[in-house]
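**Student:** build the 3D model from these lines:
(one chain, ligands or ions: 2)
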Amino acid sequence: MRDPKILPGAETGVTPEPLKTGIELLVNGERFMHTGDPDMPLLWALRDTLRLTGTKFGCGLGQCGACTVHVNGKAQRACLTPMKSLAGQHVTTIEGLANGDQLHAVQLAWIEEDVPQCGYCQAGQIMAAVDLLKRKPDPSDADIAQLNNICRCGTYPRVRKAIKRAAAQIEADKEAEKKAKAAEQNGGSK
Ligand code: FES
Ligand code: FES
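**Tutor:** Ligands and ions are numbered 1, 2, ... in the order given. You can find the predicted model right below:
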């Protein structure tokens, strides 16, 4: 019987491949093991490794917001987020925002208001808007202005309209859900 202290490669003289270790996280609900440089920014891993190119590179300095994604549901600049900070975390990109075929209310509002011009900044704008509406379900113009996502095409007025439209829709959906639940309970108690 082989001495358990002897590694398999030692018997044969062949050096075994080191076990691959890395940083494991969830990206859009799927497990992802990052085995590269732990200091690599998330934006690189998303675009170059996972080919999730909806998230854009703008400034690389945390200033433009083109790279905005969600980490555990909160908006974060992917260009400033090192992979080593993401072990066990949940990352959502624009590709993972819809629920199957059902677009998010913010995505629908963006279509209704015809927000994008060149489109480059828009994934970041949408991800930032979704986060804002979680924190402020009825945001003021000042709340929206604080988003700080830059659009070189100047789509800010349409971004503002779309966020307000989405806020109203989310509220209406909640009300409809409450009514449906109440009707169900009333029906069940008869
Ligand atoms: S590319 Fe990340 S903030 Fe500009
Ligand atoms: S739509 Fe062109 S940069 Fe925003």
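
**Student:** contacts and neighbour counts: CA atoms only from here.
**Tutor:** Fine.

**Student:** and the residue of the chain found nearest ligand 1, what element?
**Tutor:** Using CA to the nearest ligand atom, residue 62 is the residue of the chain that sits closest to ligand 1, at 3.3 Å. Under DSSP states H and E, no helix or strand contains residue 62.

**Student:** spell out which residues of the protein are next to ligand 1.
**Tutor:** Taking CA under 6 Å from any ligand atom, the part of the chain that reaches ligand 1 is made up of 57-67, 77-79.

**Student:** from those residues, which ones fall inside strands?
**Tutor:** residue 77 (DSSP state E).

**Student:** okay, the residues of the chain next to ligand 1 in JSON lines with neighbour count and pLDDT next?
**Tutor:** Shown next, in JSON lines, are those (neighbours: other CA atoms under 10 Å; pLDDT from 0 to 100):
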{"residue": "57", "neighbour count": "21", "pLDDT": "98"}
{"residue": "58", "neighbour count": "16", "pLDDT": "98"}
{"residue": "59", "neighbour count": "12", "pLDDT": "98"}
{"residue": "60", "neighbour count": "17", "pLDDT": "98"}
{"residue": "61", "neighbour count": "12", "pLDDT": "98"}
{"residue": "62", "neighbour count": "17", "pLDDT": "98"}
{"residue": "63", "neighbour count": "15", "pLDDT": "98"}
{"residue": "64", "neighbour count": "20", "pLDDT": "98"}
{"residue": "65", "neighbour count": "31", "pLDDT": "98"}
{"residue": "66", "neighbour count": "29", "pLDDT": "98"}
{"residue": "67", "neighbour count": "31", "pLDDT": "98"}
{"residue": "77", "neighbour count": "23", "pLDDT": "98"}
{"residue": "78", "neighbour count": "29", "pLDDT": "98"}
{"residue": "79", "neighbour count": "25", "pLDDT": "98"}
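
**Student:** circling back to that earlier point, touching, the residue of the chain closest to ligand 1 and residue 68? I think so.
**Tutor:** No - judged on CA atoms under 8 Å, residue 62 makes no contact with residue 68 at a distance of 9.1 Å.

**Student:** what residues are shared contacts of these two?
**Tutor:** residue 77 (CA atoms under 8 Å, 6 or more residues apart in numbering).

**Student:** give the contact list for residue 160.
**Tutor:** Contacts of residue 160 (CA under 8 Å, 6+ apart): 141, 144.

**Student:** that one belongs to a strand?
**Tutor:** No - counting by DSSP: H, G, I helix; E, B strand; the rest coil, residue 160 falls outside a strand, being helix.
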